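Novice: Make a model of this:
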Amino acid sequence: MIKKLIIKNFKCHQNTEIDLSNLTVLTGTNSSGKTSIIQALLLLRQSLRKGRLMEGLDLNYPLCSIGTGNDALYRFADIGEIEFNIIDEHDEKFSFQFNAELSNFGNTFLEKKFYSENVSDKNLESLSLFNSDFQYISVNRWGGRSRFPNDSYEVVTKKQISLNYGQGELVASYLFNFGSENVIKDYTNGKETDLSLMSQTIYWEQRISPNITFKVQKSQDDNSFLVIYDYNGIEGQKGLKDLSGENIGYGISYTLPVIVALLSAKPGALIVIENPEAHLHPYGQAELAKLMAMVAKNGVQVIVETHSDHIVNGSLVALNKGCITPEMLSIYYFERDEKNHIAKPICLEATQTGRLKKAPKGFFDQIIIDYKILAGF
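Specialist: This is a model prediction of the structure:
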């Protein structure tokens, strides 16, 4: 598990230090540095996956694309050097420094400048960021689709749900191969007797849209996989059969890779999710927040970027109900220092009852502003 992340001279991060917990929630204003936190991790992972990290940092594809050194370096940096530091749960620090001097501004690959002595393929493999105990589900994930590609190496060997840019496009293949295997823990509080990944996934999809169910099958036309949805009938009423992803609520298919990533993770894994609330009704968002907290309690590290008060409040409700402890939750609200164009993350302290001790101005207070207007204040 990653305990702390330190970023220097990367995009709008002049010198940012983030403490990561079992569940870390990143929220705040637009263009304030939330996504850049995630990109720092993704750049390290994709560079290692491409066999290039020991030489430097690859800025583009397949997890994220930054552009060139000019895009990556903080514009007012005193030195042409980008630095990432990862501190694990054993307080071991892995340091990475990359050359981003003016002469490298047009480069898509930044050469290694200095690494700590413990940086090696073998040592990095022990961190979930760099091994198969990792899933990244981006805001650009697939939704509203019935046909999904097959990549047996990424799914069966590497246990990945996404191939490119965290799109979750391998989720059908993943369920086809591992759907019958039991999850590590029953996340339904005993309401589902079948502990298979498929049944547990259907249960949580039904928390978002009641009576929905689905099946995964191989296409007879090509090497792809199909996800077919049904609506069960209620009290003897007729149901709906064989619905395509294009013809059901967008949020149902859009949350599928998120739910599968969370349920299939084992203790020690790292799950990074962007905007889990997309296309979901507030109730569905709250249910998804509940699942994330349950998974985090089980020892999975979850990092989520969100603009939803329902996701934030859901994590606080999990505190209140004793699902997680304050030590298991980190909430950061990001602002931007417009004078120096740097990210300003504010760590929000929460009590065991789920109350924030001091929320900054602008922290999900728009509803209060609107209510005052509507009430005539």
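Novice: what's near enough to touch residue 258?
Specialist: Residue 258 sits next to 137, 141, 168, 273, 276, 288 when contact means CB atoms under 8 Å, 6 or more residues apart in numbering. C-beta coordinates here come from the backbone N, C-alpha and C atoms, glycine included.
Novice: quick one: which of these sit in strands?
Specialist: Counted as lying in strands by DSSP state E, out of those, are 137, 273.
Novice: Let's have the contacts of residue 258 in a markdown table, adding distance to residue 71, neighbour count and pLDDT.
Specialist: Shown next, in a markdown table, are the contacts of residue 258 (distance: CB to CB, whole Å; neighbours: other CB atoms under 10 Å; pLDDT from 0 to 100):
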| residue | distance to residue 71 | neighbour count | pLDDT |
| --- | --- | --- | --- |
| 137 | 24 | 27 | 98 |
| 141 | 24 | 27 | 95 |
| 168 | 26 | 29 | 97 |
| 273 | 24 | 25 | 98 |
| 276 | 27 | 28 | 96 |
| 288 | 32 | 28 | 96 |
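Novice: The contacts of residue 258: which two are farthest apart?
Specialist: 168 and 288 (14.3 Å; CB to CB).
Novice: can you put the contacts of residue 258 in a markdown table and add distance to residue 321?
Specialist: As requested, those are exported to a markdown table (distance: CB to CB, whole Å):
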| residue | distance to residue 321 |
| --- | --- |
| 137 | 25 |
| 141 | 29 |
| 168 | 29 |
| 273 | 21 |
| 276 | 19 |
| 288 | 16 |
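Novice: ok, residue 24 to residue 15 distance?
Specialist: Shown here: residue 24 relative to residue 15, a distance of 19 Å by CB to CB, to the nearest Å.
Novice: mean confidence for stretch 109-128?
Specialist: On average, the pLDDT along stretch 109-128 is 96.
Novice: going forward, begin numbering at 3 instead of 1
Specialist: Understood, numbering begins at 3; the last thing we discussed is stretch 111-130.
Novice: picking up where we left off before, for residue 26 and residue 17, indicate the residue with more neighbours.
Specialist: residue 26 (24 against 13; other CB atoms under 10 Å).
Novice: ok, for residue 86, nearest residue in space, not its chain neighbours?
Specialist: residue 98 (4.7 Å; CB to CB, 6 or more residues apart in numbering).
Novice: Now do the strands in the stretch 103-252 of the chain.
Specialist: For the stretch 103-252 of the chain, applying DSSP state E, counting those that start in this stretch gives strands covering 111-117, 136-139, 149-150, 214-220, 227-233, 242-245.
Novice: what's the closest of those strands to residue 342?
Specialist: Using CB to CB, the strands of the stretch 103-252 of the chain put strand 111-117 closest to residue 342, at 22.9 Å.
Novice: Report the buried residues of the closest one.
Specialist: Neighbour counts over strand 111-117 (16 or more other CB atoms under 10 Å) mark 111, 112, 114, 115, 117 as buried.
Novice: nearest to residue 227, of those?
Specialist: Using CB to CB, the buried residues of strand 111-117 come closest to residue 227 at residue 111, 34.6 Å.
Novice: Identify all residues paired with the closest one through a beta bridge.
Specialist: residue 60 (DSSP bridges).
Novice: ok, it to residue 213 distance?
Specialist: Counting by CB to CB, the gap from residue 111 to residue 213 is 51 Å.
Novice: same question, residue 234
Specialist: 4 Å.
Novice: now do residue 33
Specialist: Residue 33 is 40 Å from residue 213, by CB to CB.
Novice: Could you do residue 267 as well?
Specialist: Residue 267 is 27 Å from residue 213, by CB to CB.
Novice: Who has more neighbours out of these two?
Specialist: Using other CB under 10 Å, the more surrounded residue of residue 267 and residue 213 is residue 267, with 25 against 12.
Novice: ok, for that one, nearest residue in space, not its chain neighbours?
Specialist: Closest to residue 267 by CB to CB, 6+ apart is residue 302, at 4.4 Å.
Novice: which ones are touching the one you found?
Specialist: Taking CB under 8 Å, 6+ apart, one finds 24, 264, 267, 268, 269, 270, 271, 272, 273 in contact with residue 302.
Novice: buried residues in stretch 93-105?
Specialist: 96, 97, 98, 99, 100, 101, 102.
Novice: how far out from the middle of the chain is that stretch?
Specialist: 24 Å (CA atoms, centre = their mean, to the nearest Å).
Novice: Ends of it, what's the gap?
Specialist: 35 Å (CA to CA, to the nearest Å).
Novice: lowest-pLDDT helix or strand in the protein?
Specialist: Counting by mean pLDDT, DSSP states H and E, the chain has its least confident helix or strand at helix 368-376, which shows a mean of 71.
Novice: could I get that helix in CSV with only the CA atoms?
Specialist: Taking C-alpha atoms only, helix 368-376 is exported to CSV below (Å, rounded to 0.1, in the frame of the first residue of the first chain):
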residue,chain,number,x,y,z
GLN,A,368,-23.6,25.4,-3.8
ILE,A,369,-26.7,23.6,-2.5
ILE,A,370,-26.8,25.9,0.5
ILE,A,371,-26.3,28.9,-1.7
ASP,A,372,-29.2,27.8,-4.0
TYR,A,373,-31.5,27.1,-1.0
LYS,A,374,-30.9,30.5,0.4
ILE,A,375,-31.9,32.1,-2.9
LEU,A,376,-35.0,29.9,-3.2
